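K.L.:
Okay, here's the prediction I keep looking at, along with the sequence it came from:
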Amino acid sequence: MKIEIRQARAGDLSEILRIERASFRTPWTELHWRYELEKSESRILVATVEGRVVGYVCGWVMGEEMEVANLAVDPQWRGRGLGKGLLKALLERALEEGVREVWLEVRESNQTAQKLYASLGFSPVGYRLKYYPDTGENALVMRLSLTEVPEILTFSNKDKRR
Ligand SMILES: CC(C)(COP(=O)(O)OP(=O)(O)OC[C@H]1O[C@@H](n2cnc3c(N)ncnc32)[C@H](O)[C@@H]1OP(=O)(O)O)[C@@H](O)C(=O)NCCC(=O)NCCS
């Protein structure tokens, strides 16, 4: 089985949308995704199995900071390390382009995603109260500093930074 993580392209849109709609209560629209795929700050990676998109991650890079804006894996492909692999690949690439701090918001109830983020070194730093308009749920804000490269990121250029 050939699993690959690569940069997203316009032709991935329909598969991304299928996963997006299967994954979120308030999915990003097609228009939003088209914009993301063109925006200069967006870094979007997809995971493919035998050429078929089964997950994606989207980050927004602003200088030395990045926000992880979206992450989802096809429900049929969850629990096999793809989500973690996608985020790890995004972090490695961000590090290479000079990002030193990464932020994200996650629903307070989304324990699965929180565990994934914690497993890559993210720490909770606070809450945004009633952040999600669809349910009024709080967002947990998590942060990862990349000034000390976490061991888990097998960053190929690690020695260059010393
Ligand atoms: C969150 C999501 C992307 C995880 O993707 P995934 O490919 O299933 O995750 P992985 O298999 O890479 O698991 C990575 C870690 O996440 C945690 N995790 C994954 N599935 C879990 C589950 N069902 N229960 C608890 N923790 C879980 C574990 O810590 C796991 O590490 P481990 O296997 O070493 O224990 C996926 O569940 C998803 O698409 N959910 C819906 C969309 C979403 O919530 N996105 C995040 C928005 S902030």
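P.N.:
Sure, I can see it.
K.L.:
what does this structure put close to the ligand?
P.N.:
Residues of the chain lying close to the ligand by CB under 6 Å from any ligand atom are 23, 71-73, 78-84, 106, 110, 112-113, 115-116, 119. Yep, even glycine has a C-beta here, placed from its N, CA and C like the rest.
K.L.:
What are the phi and psi values at Val149?
P.N.:
Here is the backbone geometry of Val149 (degrees, to the nearest 10): phi -60, psi 120.
K.L.:
Could you tell me how many residues sit around it?
P.N.:
18 (other CB atoms under 10 Å).
K.L.:
Quick check: which ranges of this structure have low pLDDT?
P.N.:
Within the chain, the segments meeting pLDDT under 70 span 154-162.
K.L.:
can you map out the helices along it?
P.N.:
Counting by DSSP state H, residue ranges of the helices within the chain are 13-23, 30-38, 82-96, 111-119.
K.L.:
Quick one: residues in contact with the last one.
P.N.:
Contacts of helix 111-119 from elsewhere in the structure, counted by CB atoms under 8 Å, 6 or more residues apart in numbering, are 71, 83-84, 87, 104, 106-107, 124, 140, 142, 144, 152.
K.L.:
Mind checking which of those residues are buried?
P.N.:
With burial judged by 16 or more other CB atoms under 10 Å, the buried subset of the contacts of helix 111-119 is 71, 83-84, 87, 104, 106-107, 140, 142, 144.
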